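> Structural data only, the sequence is not supplied:
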């Protein structure tokens, strides 16, 4: 069985939609020096609207949150309205930004500075508008109150330009959240539950969104946006509770008590509906060698009681059962032969435990049988008391550790209660603590047995056309769910925690190392008997970090091996090392409190390893490095598993395939062959590789310890670490496989202005990725030029929001990235604009105008000072001693200290930035790249 994790569907519909984010939600302003009151006010206005005002002196210095909750969301949409609640949530922010632009003053300053991260969220039954302000009576405060009162009062009306722009940005959010990839899963979910409106096929989604005219949107708006459906929360350091309450009455109390559409409860209807058995064919997909089947098994909850205290206990019991079942299933022994993934949906989209299988077609019965056998065993033997007590104590500790003085904690509690439609009037935590204290293991096991025995009530299957599982009857499929007994080892078996057996350690000889003195950073430099160099940077209280590297990489190999070298780290990661499989190693490192990730890496001119561990795991850290650099497992089943895993990765990448491919292709244009791999190139290389080829490349790159340099930092004593280094790193093997060193070709940067268009598989015809990049030389030891590049990016970034909200270009996500490539000694400033086909020329012109504006008019001193206050200085000074050490040994660089950087930064004026933009952001440095779908020639 594969790694079980909390199910995170790669689809647009089920995610909590965070639609508008001006800056990080962890940015806070400051309140005025007035006295902060402590108290809670709550009430219901004559029109039915509820409000809560909560203030504490302890919150002084933070912003006040003003959050409006409207009782509507995805569950209340009907056919033809799919995602209209989310679209409606976008519109008030578009109007607010229009008004801020027109009004200027403090409101526009707040937009430019990003001081108040206004946000919107759309959930199943609630739409939330989250605002911030600093002081009662301020211009920001009154503008926000006015907007919120119009939202709930029914007087909001966007312009036609707002609607058209939001069609584009909404579609871009759908693409950004991998909406097209989630369609099949959402279709299966809808057929089983019918709780939400039916999903829209990806190729029709943009037209569906363009159908959100004001007539359509206002119909939904008038149905659900009413005072009696709204709750306003004002939580934070408030200086005048009376005034806040009077303002709520003034802005909201005069709104009419309009009739609202009756609320429906489709989740209750789902619990009352007949059991389901659904079989669906997948959409036509890429014609690849492998195919996969998706299976959903739903164990329904019982209908909750109406009395709230009992309803809460009902909910908590199911939350506990879900967690205990998930913990148990995670312990099913995993092998390479049966390759499937199992997700446990704890997000409560349905009042049911949903087990979600993704399995290669033809292996469905074996995968289902393995999990059902584990559940039957759990049913038979019950929850282990230790597992129950672990969960119970974790929940009790979470309650006891709640900081009731923390503003975030209070806001989080209110938010949870609002979204669950629970009472705000009593202390749920005291009730839950009492319930947990009185609960017994016998009660839990009785509930568990009743729950598992009753289901699964609902079965959903989605498979490729012609798959045999689509021809099964319900009776035949349910026969797979019989009382299978597990024949695997007991899950409570004591696990091995030694990475290398004592007998093997005894075979590693310890030879004396040489002390090479100290480096310029204060590190102790050693040379081990096999030629490996090690630099030690002791840091009291810090975690252990190991970084070893060699200045030989993929570009030192021939063309075919260049591609395959980039596959080696993942192959080793999946195969495991020493005596342990990938799955055994993962569990062992988890038990040791260590991070298990892809330790090895290969880039164009370098191969290396990065590991991390807590201070008490020093020997385990060095043992792990020894295993990865000497003994990767060679297992045909693991190799096949890796190829299958890469197939799944290709079909459902965690990033947008089009974004990855555009980055690779554009880099290839500027940097030559050392730009990485497109998704298709990687997939094809994986399928064409053999284990012997990858082993040969691995040995060529990683088994030449005499050329490796290791940097070790953290809490250790040099006397303690020295013998361990001599044993584990001093005995790394030397391979006969050599890299044929060829003189590297000098890559010449093409002269701008250059424009290229690429066809990228997987992009819908309506989708387009636009990248406008400026690239120019920067010497690697010129940290001031690197800082200037970052600062220039930050300045340009202050106006990019205008492309969405002033120009109304239908954008959702605008990325501005600046970085210095120290290998090529180039500075890069790129603006990524995911958009729709046909908008590219408008956006290119918009960016030209924006850059020209900064060339003609410098940014204000006030705005530049705000940018400087947020500037990430560690990007220049180095993030850690290991980062500094790496740059020192890689390029002989010594980075400036914070005070030097701060002094230089403070001396930069708006005129300096203006001159920099005039000099660097010019046509000969500009490169425009586009990734499109369809039949487009390069």
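The structure has been received and is ready for your questions. Bear in mind the structure is a predicted one, so any value in this text is a computation, not a measurement.

> quick one: the residue nearest to residue 781 when sequence neighbours are not counted and residue 712, what's the gap?
Distance criterion C-beta to C-beta, 6 or more residues apart in numbering; nearest residue to residue 781, sequence neighbours excluded, is residue 893 at 5.7 Å. Yep, even glycine has a C-beta here, placed from its N, CA and C like the rest. Residue 893 sits at a distance of 20 Å from residue 712 (criterion: C-beta to C-beta, to the nearest Å).

> so what secondary structure elements neighbour the stretch of helix or strand residue 209 belongs to?
Assigned by DSSP states H and E, residue 209 falls within helix 202-210. Contacts defined by 3 or more C-beta pairs under 8 Å, 6 or more residues apart in numbering; DSSP states H and E place helix 202-210 against helix 160-176.

> What are the contacting residues of the helix it packs on?
12, 17, 19, 83, 86-87, 90-91, 94-95, 98, 158, 180, 205-206, 209-210, 212-214, 217, 656, 764, 766-767, 804-805, 808-813, 834-836, 839 (C-beta atoms under 8 Å, 6 or more residues apart in numbering).

> Return the subset of these lying in helices.
Secondary structure assignment by DSSP state H places 86-87, 90-91, 94-95, 98, 205-206, 209-210, 214, 217, 804-805 of the contacts of helix 160-176 in helices.

> Angles on the backbone of residue 355, please.
Phi and psi for residue 355, reported as degrees, to the nearest 10, are phi -90, psi 130.

> residue contacts, the closest residue to it other than its chain neighbours?
The spatial neighbour of residue 355 that comes closest, neighbours along the chain excluded (C-beta to C-beta, 6+ apart), is residue 297 at 4.6 Å. Residues counted as contacts of residue 297 (C-beta under 8 Å, 6+ apart) are 354-355, 357, 368, 455-456, 458-459.

> Pretty sure residue 297 sits in a helix.
No: per DSSP: H, G, I helix; E, B strand; the rest coil, residue 297 lies outside any helix segment and is strand.

> in the sheet, who's paired with it?
Beta-bridge pairing for residue 297 (DSSP bridges): residue 355, residue 459.

> roughly how far apart are it and residue 264?
Taking C-beta to C-beta, one finds residue 297 at 27 Å from residue 264.

> Residue 820 now?
56 Å.

> And those two? Which one has more around it.
residue 820 (22 against 12; other C-beta atoms under 10 Å).

> quick one: contacts for the residue lying closest to that one once chain neighbours are set aside?
Once flanking residues are discounted, residue 820 sits nearest to residue 786: 4.7 Å by C-beta to C-beta, 6+ apart. Contacts for residue 786 (C-beta under 8 Å, 6+ apart) come out as 778, 820, 827, 876.

> Identify, from these, the entry nearest to residue 252.
residue 876 (48.9 Å; C-beta to C-beta).

> which SS class is the nearest residue to residue 796 once chain neighbours are set aside?
Nearest residue to residue 796, sequence neighbours excluded (C-beta to C-beta, 6+ apart): residue 816, at 6.3 Å. Secondary structure state of residue 816, per three-state DSSP, is strand.

> Give the burial count for residue 816, as a bare number.
Count around residue 816 with other C-beta under 10 Å applied: 17.

> ok, back up a step: most neighbours among the ones in helices among the contacts of helix 160-176, which one?
residue 90 (26 neighbours).
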